[in-house]
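>>> Coordinates for the following, if possible.
(one chain, ligands or ions: 1)
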Amino acid sequence: MQAVERQNVDLEAVRAKYRAERDKRVRADGNEQYKEVTGDFAYFVDDPYIDEVVQRAPEKRNVDVVIIGGGFGGMLSAVRLKQQGIDNFVILEKGGNFGGTWYWNRYPGASCDIESYIYFPLLEETGFVPQQKYTNASETLAYCRQIAETFELADKALFQTEVTATTWDEAACRWQVSTAMGDELAARFIVHANGPLNRPKLPAIEGIGDFKGHTFHTSRWDYGYTGGTSSGGLSGLADKKVAVIGTGATAIQCVPHIGASAEQLYVFQRTPSSVEVRNNGATDAAWLQNQDAGWHDERRRNFEKLLAGKPVRQDLVSDGWTDAFKLLVGGLRDKAPSKSRVALWALGGLFNSAMYKSGLKKYLTDKAMRFMNLAEAMEIADYHKMQAIRDRVDNVVDDADTADALKPYYRLFCKRPCFHDDYLASFNRPNVQLVDTDGRGVERVTQNAVMFDGVAYEVDCIIFATGFEVGTDYARRAGYQVTGVDGLAISDKWADGMTSFHGMHARGFPNAYFFGPVQGGFSANFTYALDEQARHVAYIIDAMKQRGKNRAEASPMAEAAWVDEIVEKARETESFQAACTPGYYNNEGHLTRRQQDQAYGEGPVAFFDLLAKWRAQDRLNGLDIA
Ligand code: NDP
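Numbering: from 1, shown residues only. Below is the predicted model of the structure:
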């Protein structure tokens, strides 16, 4: 490739640096590098938050709907069903209460870096005023309880109830749902709202089972050991040496608190995150309360449109996320994006993808070249953005070697961007040491230490901030198998890639709805996508009832056409993913990940509009109805 020098950027040199950093990290074992939390490691997923173990008789019931998951997805399903007048449902939740991801992730500093005014669903219905622009875990959990109270969901839920199997019974036209409590529920419809990041994963580091000290995963924080609360003050660590393994979005939030409390903290880093300023602030309650009806949807749509490169008159959220996108679209900071420019940007992405797939790049016309230049302009903007992030590290971190090690070398959206005002400064503390593994990861664990490069870092406690399973089999992540018509398992149906209609229906699985980002509207503001899925499913279930119908299943044609549409509109080209540092965004750098395992390429708002139009037709097109 020819070297391109523009605005003092040697793109070829940047690409080479990013490629070299990526190559260090790509491993042959891909997702196999992680250990499933079963067998000797099953204790990592025990629930540390329950006050009392529920003792109850097994339930044998017939209901209209079983909702699996008591997080935002399950709660929103319940609320939207109620609003359609459907009340005969049960929510099954393995945790001790509502909250889902926020029930489990209570680590110190846990917080959401999507603006609370768009992240919290149902704000107009509840009238709730979040305290700050970016909320924290305890307020979010409290809000979940408030939703449950407002919509009277508590008596609909069975907590501490883990689903073990869901099986379609054709003769009864029902889903049979079994739980670890011995429940046997029969449901006309079933909603799988089990969360895309719900199953903690551990790295399969040699000797990980040998460690004799204390250890836990960030999603099961052991406050009994550390002391303190999700606001910090971890007094139990005052005389402890602690290792944190991982430097993703979770570690970025908890490291400052551990660093402030522990006698010694070693942070083991494989790949640095990009960490921008977050800039939290108190909510102006009067401003929020004086918004016009419909403001919440408008604000959510505005955010999503910007992130999808669509034109908007004003950036309502105006934060690190929207700023990044405005910048990537090209010099649009502080002014409304020009319609033609963003359209060009969006087209440029699609065009590149099509060119890549068809192998026609070498036959480009002048016009085509202009699109290509646009992609290059974005690459340059991305470089400047990442360079600003790297410069910030130098400005904050005192030690030059540590600062160098904390600089991310990849394109911004290769990994989840992080926002934090204290993380980088934590490394200026004398008791906090970054152990940079230069892409290799921790070498081994012994009875009392974490080892890297022949050095044993003796610790009392290892905290795994190593994230959640993403690219593995659906049943493994959900914790139960879904068995459809003629014994077809969802694991087998999706073994070679997801096939669905609208990302929610799957042929062979009548009356079942799968919530998640794949083949649907992926949004950084995930609760918005869940809300739209919940509305959609509530409409379908109601429409079935209204028509006196019992069975709805994606037709083979509708499913095939949807998969084709997903592939055709795929936004993230294989070439972009191939150049990215490995992680769960690109299946650990193994591009066996099919083009179909993506979200709807025109962005979430276009997807939600498409669903709304489908509902407005009121014909249940694409579903075989019986
Ligand atoms: P991630 O998967 O993002 O991070 C896991 C970390 O563990 C990575 O830094 C990874 O390194 C590291 N790791 C894995 N194996 C090893 C090893 N053998 N040695 C050393 N390090 C290792 O998990 P998180 O829990 O941080 O975040 C998961 C997701 O949760 C986020 O992407 C985000 O979507 C969500 N989240 C959202 C928040 C919000 O504000 N809304 C806050 C927190 C989380 P490597 O990068 O090299 O793979």
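>>> Report the helix or strand with the lowest average pLDDT across the chain.
Lowest on mean pLDDT, DSSP states H and E among the helices and strands of the chain sits helix 339-358, with a mean of 41.
>>> Show me what the very next helix or strand once past that one is packed against.
Going down the chain from helix 339-358, the next helix or strand is helix 366-396, by DSSP states H and E. Packing partners of helix 366-396 (3 or more Cβ pairs under 8 Å, 6 or more residues apart in numbering; DSSP states H and E): strand 9-10, helix 11-25, strand 275-276, helix 320-330, helix 339-358, helix 400-405, helix 423-426. From N, CA and C alone the C-beta is placed, and that goes for glycine too.
>>> any idea where the strands of the stretch 51-200 of the chain begin and end?
Ranges of strands in the stretch 51-200 of the chain, per DSSP state E, counting those that start in this stretch, are 60-68, 89-92, 157-158, 163-169, 174-179, 184-192.
>>> nearest to G520, of the ones you listed?
Closest approach to G520 among the strands of the stretch 51-200 of the chain (Cβ to Cβ): strand 184-192, 12.8 Å.
>>> For the closest one, buried residues please.
Neighbour counts over strand 184-192 (16 or more other Cβ atoms under 10 Å) mark 185-192 as buried.
>>> and that strand, what does it pack onto?
Strand 184-192 packs on strand 60-68, helix 72-83, strand 89-92, strand 163-169, strand 174-179, strand 512-514, helix 526-547, going by 3+ Cβ pairs under 8 Å, 6+ apart.
>>> relative to strand 174-179, how tilted is it?
If you take axes from the mean of the first three to the mean of the last three Cα atoms, to 10 degrees, strand 184-192 sits at 100 degrees to strand 174-179.
>>> Paired strands for strand 184-192, with orientation please.
strand 60-68 (parallel), strand 174-179 (antiparallel), strand 512-514 (parallel) (DSSP bridges).
>>> so which of these is the most packed in?
Among the strands paired with strand 184-192, strand 512-514 has the highest mean neighbour count (mean count of other Cβ atoms under 10 Å), at a mean of 26.
>>> And the contacts of it?
166, 168, 175, 189-192, 482, 484, 500, 503-506, 533, 537, 540 (Cβ atoms under 8 Å, 6 or more residues apart in numbering).
>>> what's the neighbour count on V317?
21 (other Cβ atoms under 10 Å).
>>> Backbone dihedrals for it, both of them.
Torsion angles at V317 (phi, psi; degrees, to the nearest 10) stand at phi -80, psi -40.
>>> so it touches N302, yeah?
Yes - counting by Cβ atoms under 8 Å, V317 touches N302, with 6.9 Å between them.
>>> pLDDT averaged over the strand or helix carrying V450, what's the number?
Per DSSP H and E, V450 falls inside strand 449-452. The average pLDDT within strand 449-452 is 98.
>>> Is it positioned near the ligand?
No - residues of strand 449-452 contacting the ligand under Cβ under 6 Å from any ligand atom: none, with a closest distance of 8.7 Å.
>>> Can you give the distance of that strand from its chain's centre?
Chain-centre distance of strand 449-452: 30 Å, with Cα atoms, centre = their mean, to the nearest Å.
>>> How about stretch 605-618?
24 Å.
>>> same question, stretch 615-626
Worked out by Cα atoms, centre = their mean, stretch 615-626 lies 30 Å from the chain centre.
>>> okay, and for this structure, where does confidence drop off?
The chain contains residues with pLDDT under 70 at 1-7, 329-372, 572-573, 592-593.
>>> Return the residues of it in contact with the ligand.
Counting by Cβ under 6 Å from any ligand atom, the chain comes close to the ligand at 25, 112-114, 197, 203, 205, 245-251, 253, 268, 270-271, 416, 441-442, 465-468, 583-584.
>>> So which of the residues you listed belong to helices?
25, 249-251, 253 (DSSP state H).
>>> so can I have JSON lines of the residues you listed showing neighbour count?
Below are those laid out as JSON lines (neighbours: other Cβ atoms under 10 Å):
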{"residue": "R25", "neighbour count": "19"}
{"residue": "A249", "neighbour count": "18"}
{"residue": "T250", "neighbour count": "24"}
{"residue": "A251", "neighbour count": "26"}
{"residue": "Q253", "neighbour count": "28"}
